[in-house]
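Enquirer: here is my input, please return the structure:
(chains A and B)
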Number of protein chains: 2
Amino acid sequence: MFTLSPIGYVRSPYAETSQVPKGPGAEHQAEGILELLPEFAPGLTDIEGFSHLYVLWRFHQADSYDLMSMPPTADSPHGVFTTRSPRRPNGIGLTVVRLLRREGARLIVQGVDMLDGTPLLDIKPYLSSVPADQIARGWMTETEARRASARVDR
Amino acid sequence: MFTLSPIGYVRSPYAETSQVPKGPGAEHQAEGILELLPEFAPGLTDIEGFSHLYVLWRFHQADSYDLMSMPPTADSPHGVFTTRSPRRPNGIGLTVVRLLRREGARLIVQGVDMLDGTPLLDIKPYLSSVPADQIARGWMTETEARRASARVDR
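Expert: Modelled structure (predicted):
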């Protein structure tokens, strides 16, 4: 067991989980702010040159976990480690954001999907990508196909 | 503050940090095993369809942090949040691995850069990538260029 404490907090347009776009194809274009506690600001030195960042944060409103999870867009439950469910062991969230600019201890970013007030745990450089055509996304592929065909039917 | 506990452990060919390939261009092709504790195995249901996974783990050999970090291949220190240094606030590591196969509670994966015995914190699906030509990597770009030119000179 070990203990974490926030390095700062997220400022986001989302006050409740129901406002966060979810599911395959959800667009995360919202701007937000990663507001570090002043004592951690030196850790941002030279970050301006990076276009994208990994943000680790805490699912602070989830109080427990389920090993099988029913994602909002799926038609059957899947193992929690194949989902982004907040109800997961160790309750850590991961988001890739685009860095727009830095203002002292604040990073203005695009692509937040966290709630306003979410505790920040870590920021890491986003360094490389798996080519899109090499990524298989399991049950999500079927879900997307079903949703796309439902859209065509409408 | 909140508390984490391992969902399992990493089996890797690396017994010491000096054995792990580091720095820009380091190739992480090593095979390893993500060995979940049996009680978490149901959380892996349907994971076979995913090609790549995010693995969150603990830097269990780092006992503190530095806000300015001197990466092995850099020529000057940089903010810790622009590096993958193990000496970081909250000591969480992040690695993208390729899933080769599942054997019960064990995932055989390619691309481990953790030490043998590293505590596992979470596994998440790798769903999408930023196109490679849209990623800026700050000070690492200069470091790489310098190393490439040093190789040419040799």
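Enquirer: next structured bit after the helix or strand harbouring A:K124?
Expert: Take DSSP states H and E as the rule and A:K124 turns out to sit in strand A:119-125. Sequence-wise, the next helix or strand downstream of strand A:119-125 (DSSP H and E) is helix A:139-153.
Enquirer: list the buried residues of that following helix.
Expert: For helix A:139-153, burial by neighbour count (16 or more other C-beta atoms under 10 Å in any protein chain shown) applies to A:W139, A:M140, A:T143. To be clear about C-beta, it is placed using only N, CA and C from the backbone, and glycine gets the same treatment.
Enquirer: and the strand holding A:K124, what does it pack onto?
Expert: The contact analysis (3 or more C-beta pairs under 8 Å, 6 or more residues apart in numbering or on different chains; DSSP states H and E) places strand A:119-125 against strand A:8-11, strand A:31-36, strand A:52-58, strand B:92-103.
Enquirer: let's have these in JSON lines, adding mean neighbour count.
Expert: Output for the helices and strands packed on strand A:119-125, formatted as JSON lines (neighbours: other C-beta atoms under 10 Å in any protein chain shown):
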{"stretch": "strand A:8-11", "mean neighbour count": "22"}
{"stretch": "strand A:31-36", "mean neighbour count": "21"}
{"stretch": "strand A:52-58", "mean neighbour count": "22"}
{"stretch": "strand B:92-103", "mean neighbour count": "18"}
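Enquirer: reformat the ones you listed as JSON lines; add distance to B:M70 and mean pLDDT.
Expert: Below are the helices and strands packed on strand A:119-125 laid out as JSON lines (distance: least, C-beta to C-beta, whole Å; pLDDT from 0 to 100):
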{"stretch": "strand A:8-11", "distance to B:M70": "24", "mean pLDDT": "98"}
{"stretch": "strand A:31-36", "distance to B:M70": "21", "mean pLDDT": "98"}
{"stretch": "strand A:52-58", "distance to B:M70": "20", "mean pLDDT": "97"}
{"stretch": "strand B:92-103", "distance to B:M70": "18", "mean pLDDT": "96"}
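Enquirer: quick one: closest of the ones you listed to A:S64.
Expert: strand A:52-58 (14.1 Å; C-beta to C-beta).
Enquirer: give me the sheet partners of the following helix or strand past that closest one and which way each runs.
Expert: Where DSSP H and E defines the elements, the next helix or strand beyond strand A:52-58 is strand A:68-69. Strand pairing for strand A:68-69, determined by DSSP bridges: strand A:78-79 (antiparallel).
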